[in-house]
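Colleague: What follows is a predicted protein model with its sequence.
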Amino acid sequence: MTHQRSIEDLRAEVDQINRDLLTLLSKRGEVVAQIGHAKTQEGRPNHYDPAREDKQLKEIESLNQGPFTSAAVKAIFKEIFKASLDLEESNDKKQLLVSRKVKSEDTVLDIDGVRIGGDAPPIIVAGPCSIESEEQMEQTAAFLAAKGVKILRGGAYKPRTSPYGFQGMGVDGLILGSRVAKEHGMLFVTEVMDTRDVEIVAEHADILQVGARNMHNFALLREVGRSRRPVLLKRGLSATIEEWLYAAEYILSEGNNEVILCERGIRTYEKWTRNTLDLSAVALAKQETHLPVIVDVTHAAGRRDLLIPLAKAALAVGADGIHVEVHPSPATALSDNEQQLDFAGYDKFSESLSSLLRQPARV
Ligand SMILES: C=C(O[C@@H]1C=C(C(=O)O)C=C[C@H]1O)C(=O)O
């Protein structure tokens, strides 16, 4: 009988090989990091070098004598290249202004005494989808102010899917919304869709909203970045978290640090909800950035019966506030009449959340 080594003995050898591989990997990582640094100093915008990777893979393939197939060995080395590139880039890529690596403490906005983010209790942003009439705004603001809501929303410029849908009251809506908010001691947030309107909207609004459909409008992002108003930045319909945070970076890079991120659901294959609320995006945005993050539950679900559970979930993952649409008579609203809450609905909604709204978000 040939002598057979025991499994234990063989495993001890594998353990030693692992240690040797790790030592070599770490050594490789250090060299690669130096290459990355040199590339940054040379001002090379791209660290990824597919031709160099290809050359290495070809050499590895020609040297491979088994027992692993060349495909298997190449896949392993491709993973090593990927990790090396990540290492290079995380060491050397420009640190984003939105990142917690640049600013570790939470950004807390203080807009005329209304605090948002950090240790402030979660805020509610509420109001109708569109500003429609004096009576509608007056009734809504009076009701919400009496319930302690500090931020009134209402759209004067509406990004409607159809060009024939109600497009909003424009400047008249801005004037009306800001006056009514002021009369009730509230802040006024409204959407701006066009770079040409930033100045006039900033004149009337306390917070500028960049809507989901405009999250990729880089000219608009730069323009609101130059205005001195806080910005509520909604996540795009199909935007990745990275794209959303880069959109915020556009605003910060122009010198405006007062950005509130707003997750509003993303487009998926799901049909029972209008959008799919991405709670991991909320948790990640809180973790990766120092900015306040709120959740628009109205658009996230597109249906009233999910607003309470989704708002609870949002607060549980650390949201700094909830955005919800409220209308005196949702059935006759000029937009979004499927999803806005009436006053009784809002009462039920806020009562269900009352204990969560008293405490700052803690995860
Ligand atoms: C280290 C480099 O940067 C990246 C990482 C590589 C690697 O790990 O070998 C190869 C090419 C680049 O994608 C390099 O350019 O040499």
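Modeller: Perfect, thanks for sending it. Numbering: from 1, shown residues only.
Colleague: State the distance from the closest residue to the ligand within the stretch 151-300 of the chain to residue 236.
Modeller: For the stretch 151-300 of the chain and the ligand, the shortest gap (C-beta to the nearest ligand atom) falls at residue 242, measuring 19.4 Å. (Glycine included, C-beta is placed from N, CA and C.) To residue 236, residue 242 is 11 Å away according to C-beta to C-beta, to the nearest Å.
Colleague: who has more neighbours, those two?
Modeller: Taking other C-beta atoms under 10 Å, residue 242 and residue 236 do not tie; residue 236 has more neighbours (21 against 10).
Colleague: quick one: that one from residue 19, how far?
Modeller: From residue 236 to residue 19 the distance is 47 Å (C-beta to C-beta).
Colleague: likewise residue 312?
Modeller: On the measure of C-beta to C-beta, residue 312 and residue 19 end up 48 Å apart.
Colleague: okay, the two: which has more neighbours?
Modeller: Counted by other C-beta under 10 Å, residue 312 and residue 19 do not tie: residue 312 has more neighbours, with 14 against 10.
Colleague: Next, that one: secondary structure please.
Modeller: helix (DSSP: H, G, I helix; E, B strand; the rest coil).
Colleague: Enumerate every residue touching the residue of the chain at minimum distance from the ligand.
Modeller: The ligand sits closest to residue 84 of the chain, with a gap of 3.2 Å, by C-beta to the nearest ligand atom. By C-beta atoms under 8 Å, 6 or more residues apart in numbering, residue 84 lies in contact with 28, 29, 32.
Colleague: cutoff 7 Å now
Modeller: 29, 32 (C-beta atoms under 7 Å, 6 or more residues apart in numbering).
Colleague: Mind listing what's buried along the helix or strand containing it?
Modeller: If you go by DSSP states H and E, residue 84 is part of helix 70-92. Neighbour counts using 16 or more other C-beta atoms under 10 Å place 73, 74, 81, 84, 85, 87, 88, 89, 92 of helix 70-92 among the buried residues.
Colleague: nearest to residue 207, of those?
Modeller: Set against residue 207, the nearest of those by C-beta to C-beta is residue 89 (34.0 Å).
Colleague: and that closest one, how far is that from residue 102?
Modeller: Distance from residue 89 to residue 102, by C-beta to C-beta: 16 Å.
Colleague: Just the pLDDT for the residue of the stretch 151-300 of the chain closest to the ligand.
Modeller: As predicted, residue 242 sits at a pLDDT of 95.
Colleague: just residue 363 next, same as before
Modeller: pLDDT, residue 363: 67.
Colleague: what do you get for residue 357?
Modeller: 89.
Colleague: next one: residue 92
Modeller: pLDDT, residue 92: 65.
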